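1. Can you look at this prediction? I've put the sequence above it.
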Amino acid sequence: MPSPTDDLRTLLLAETAAVQKFAKLLQTESDALTEQGLFDQLPDLTAEKNLLAQELGELAVHRNAALRTLGFGADHAGTQAAAQAHPEIAPIWETLLAHSAEARDLNLQNGTLIDTHLQHVRLSLDALGVVTGANQQLYNAQGRASGLPSGKSLATG
């Protein structure tokens, strides 16, 4: 029967593998945001990221329970203390922290790319509004025409 320390070690390894997979998805997302022709992959990537984020949340819950069983706090500081008290856990914890930092940085980078795309789309739609004479939004949040004056075509101006 595994000890509570073995359980924590196993959970940290599983969490590390999931974070590595998450970082790989974020890199694929970055590629889709920056390379022509890959933009249509974003909905599937988002769905996959959401599932993996849920898995990471569940692993964190289990890790926190294992930490409490060992008498440590259920947080970063508790895991840090457990790694100091159990040297066999320390390298796994450090690896998890490194991959988590990589995923965080990729996520921030992708957020910036998405914000840039959104800003470009908003500016383009504003420019279309000026050209067509529309005084309101041309498209709603679902991408449907909403503000084009009745009977006016974008093609004819």
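-> Perfect, thanks for sending it.
2. Apart from its chain neighbours, what residue comes closest to the spatially most central residue of the chain?
-> What sits nearest the mean C-alpha location of the chain, by Cα atoms, centre = their mean, is residue 107, with 5.3 Å. With Cβ to Cβ, 6 or more residues apart in numbering as the criterion, residue 107 has its nearest non-adjacent residue at 5.7 Å, and that residue is residue 26. Glycine gets a C-beta too; all of them are placed from N, C-alpha and C.
3. Got the confidence number for that neighbour?
-> On pLDDT, residue 26 comes in at 95.
4. Any idea how many residues pack against it?
-> Residues lying near residue 26 (other Cβ atoms under 10 Å) number 22.
5. gap between it and residue 72?
-> In this view, residue 26 and residue 72 are 29 Å apart by Cβ to Cβ, to the nearest Å.
6. helices or strands next to the helix or strand containing the residue nearest to residue 107 in the packing?
-> According to DSSP states H and E, residue 26 maps onto helix 4-34. When contacts are defined as 3 or more Cβ pairs under 8 Å, 6 or more residues apart in numbering; DSSP states H and E, helix 4-34 sits against helix 42-69, helix 90-132.
7. what about the shortest one, distance to the chain center?
-> Spelled out, that is helix 42-69. Taking Cα atoms, centre = their mean, to the nearest Å, one finds helix 42-69 lying 11 Å from the centre of the chain it belongs to.
8. Just the angle for it relative to helix 90-132, thanks.
-> Helix 42-69 runs at 150 degrees relative to helix 90-132, counting by axes from the mean of the first three to the mean of the last three Cα atoms, to 10 degrees.
9. Name the helix or strand of this structure that has the lowest mean pLDDT.
-> Least confident helix or strand of the chain, by mean pLDDT, DSSP states H and E, is helix 90-132 with a mean of 85.
10. Distance from the chain centre to that helix, please.
-> With Cα atoms, centre = their mean as the basis, the mean position of helix 90-132 lies at 9 Å from the chain mean.
11. Next: stretch 84-95.
-> Remark: stretch 84-95 is offset 26 Å from the chain centroid, using Cα atoms, centre = their mean.
12. All further residue positions should be reported with the first residue as 21.
-> Done: numbering now begins at 21, and the last item shifts to stretch 104-115.
13. Please consider this matter closed, and thank you.
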